[in-house]
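Enquirer: compute the structure for the input listed below.
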Amino acid sequence: MRVFVTGASGHLGSAVVPELLSAGHQVVGLARSATSAAAIEKLGAQAHRGDLSDLDVLRDEAAAADGVIHLAFRHDLMINGDLAGAAKADLDALTALADGLAGSGKPLVGTGGTAMLVMGGIVGRPGTERDTFPSGGYRIDAENFVAGLASRGVRSSVVRLAPTVHSSLDHFGFITAIIASARRKGYAAYVGDGSNRWPAVHTLDAAVLYRLALEKAPAGTRLHGAADEGVPFQQIATAIGDNLGIPARSISPAEANDHFGFLGSFAQMDNPTSSALTRELLGWTPTHPGLIADLHEGHYFRAA
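Expert: As a prediction, this is how the structure comes out:
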């Protein structure tokens with residue numbers, strides 16, 4: 001396939017593009033800068049200049065492709081607290097991509113997050129791929145839009161990624177932000193007893209999942225990119241503290257925003273997530289280290 005990939009030079013894209021190329025696909029990556037274009041071309045793919053606001057580019061490149069993987073997201077808006085703006089930019093981009101694919105039967109793989117399960121009210125049990133929500137939430141509308149493209153002749157699917165996508169390729173994700181907070185404060189924190197759970201997935205395992213979704217996910221499918229179903233946050237903090245040589249300790253919910261910054265609410269989230277249906281449907285079998293083992297490999301701690 002000729003695959004158009006947004007976010008091709010980012011953390012996840014830097015694994016997805018090689019995964020696609022190794023499987024014999026051709027890749028065209030959206031590049032918002034000369035630096036991004038060079039990174040994409042170094043991976044062996046073709047770069048096309050543009051960004052998520054270039055809706056005509058997105059529409060035309062989707063129409064010219066045999067399939068699309070949408071990884072890009074306005075993380076800058078999210079970090080600055082403009083969730084509504086980030087969500088709108090994502091939905092606008094998806095609409096343009098869908099317009100280019102409508103009626104073709106070609107695949108579009110979108111990206112969501114398992115955190116939406118918590119926002120949708122899933123409490124006390126692992127969320128599953130069958131859990132859906134009507135509307136009105138951060139990323140929920142975009143997910144529903146992609147799933148609904150099945151009725152417009154698009155073989156659409158959505159990968160709900162764990163909040164922790166970890167590996168040596170991760171330089172700006174949630175784990176790096178938590179480690180930075182621990183360095184600043186001199187201790188690794190967890191909220192309360194730290195029993196709240198985060199799902200996690202290794203970047204390279206996530207890349208395989210995106211390829212499988214592109215190649216064979218049925219239209220309207222929701223998939224879970226979660227290899228670790230739920231790692232207690234206290235264990236994450238302890239592993240970070242051990243590697244930094246600092247203590248891990250409990251903080252109150254009122255202290256979370258001061259310690260974690262924009263991740264204050266996420267650090268308290270209990271988000272166990274099953275990927276059993278995804279594994280059965282696509283034959284996805286994660287093979288890389290889980291989150292705690294990956295933390296103890298040390299690559300997150302080699303530079304301040």
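
Enquirer: CA-only coordinates of the top helix by length along the chain, as PDB, when you get a sec.
Expert: Ranked by residue count and defined by DSSP state H, the top helix of the chain is helix 83-101. Output of helix 83-101 as PDB, limited to C-alpha atoms (Å, rounded to 0.1, in the frame of the first residue of the first chain):
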ATOM      1  CA  LEU A  83      -8.200  20.700  25.200                       C
ATOM      2  CA  ALA A  84     -11.100  22.100  23.200                       C
ATOM      3  CA  GLY A  85      -8.800  23.600  20.700                       C
ATOM      4  CA  ALA A  86      -6.700  20.500  20.400                       C
ATOM      5  CA  ALA A  87      -9.800  18.400  19.900                       C
ATOM      6  CA  LYS A  88     -11.200  20.700  17.300                       C
ATOM      7  CA  ALA A  89      -8.000  20.600  15.300                       C
ATOM      8  CA  ASP A  90      -8.000  16.900  15.400                       C
ATOM      9  CA  LEU A  91     -11.600  16.600  14.300                       C
ATOM     10  CA  ASP A  92     -11.100  19.100  11.400                       C
ATOM     11  CA  ALA A  93      -8.100  17.100  10.200                       C
ATOM     12  CA  LEU A  94     -10.000  13.800  10.400                       C
ATOM     13  CA  THR A  95     -12.900  15.400   8.400                       C
ATOM     14  CA  ALA A  96     -10.500  16.400   5.600                       C
ATOM     15  CA  LEU A  97      -8.900  12.900   5.600                       C
ATOM     16  CA  ALA A  98     -12.300  11.300   5.500                       C
ATOM     17  CA  ASP A  99     -13.400  13.500   2.600                       C
ATOM     18  CA  GLY A 100     -10.400  12.200   0.600                       C
ATOM     19  CA  LEU A 101     -11.200   8.600   1.300                       C
END
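
Enquirer: which helices and strands sit right next to that helix?
Expert: helix 55-64, strand 67-70, helix 75-79, strand 107-113, helix 140-148 (3 or more Cβ pairs under 8 Å, 6 or more residues apart in numbering; DSSP states H and E). The way it works is simple: take the backbone N, C-alpha and C, and place the C-beta from them, glycine included.

Enquirer: and of the ones you listed, who's closest to Glu229?
Expert: Distance to Glu229, taken as Cβ to Cβ, is lowest for strand 107-113 among the helices and strands packed on helix 83-101, at 15.5 Å.

Enquirer: ok, the closest one: who's next to it in the sheet?
Expert: strand 67-70 (parallel), strand 155-161 (parallel) (DSSP bridges).

Enquirer: re the thing from before, show me the contact partners of the longest helix of the chain.
Expert: 6, 52-53, 55-56, 58-65, 68, 70, 72-75, 77-78, 108, 110, 138-139, 141-142, 145-146, 149, 152, 154, 156 (Cβ atoms under 8 Å, 6 or more residues apart in numbering).

Enquirer: ranking the helices and strands packed on helix 83-101 by burial, who's on top?
Expert: strand 67-70 (a mean of 27; mean count of other Cβ atoms under 10 Å).

Enquirer: need the contact partners of that one.
Expert: With contact meaning Cβ under 8 Å, 6+ apart, strand 67-70 is reached by 1-7, 16, 20, 62, 93-94, 97, 100-101, 106-111, 210, 214.
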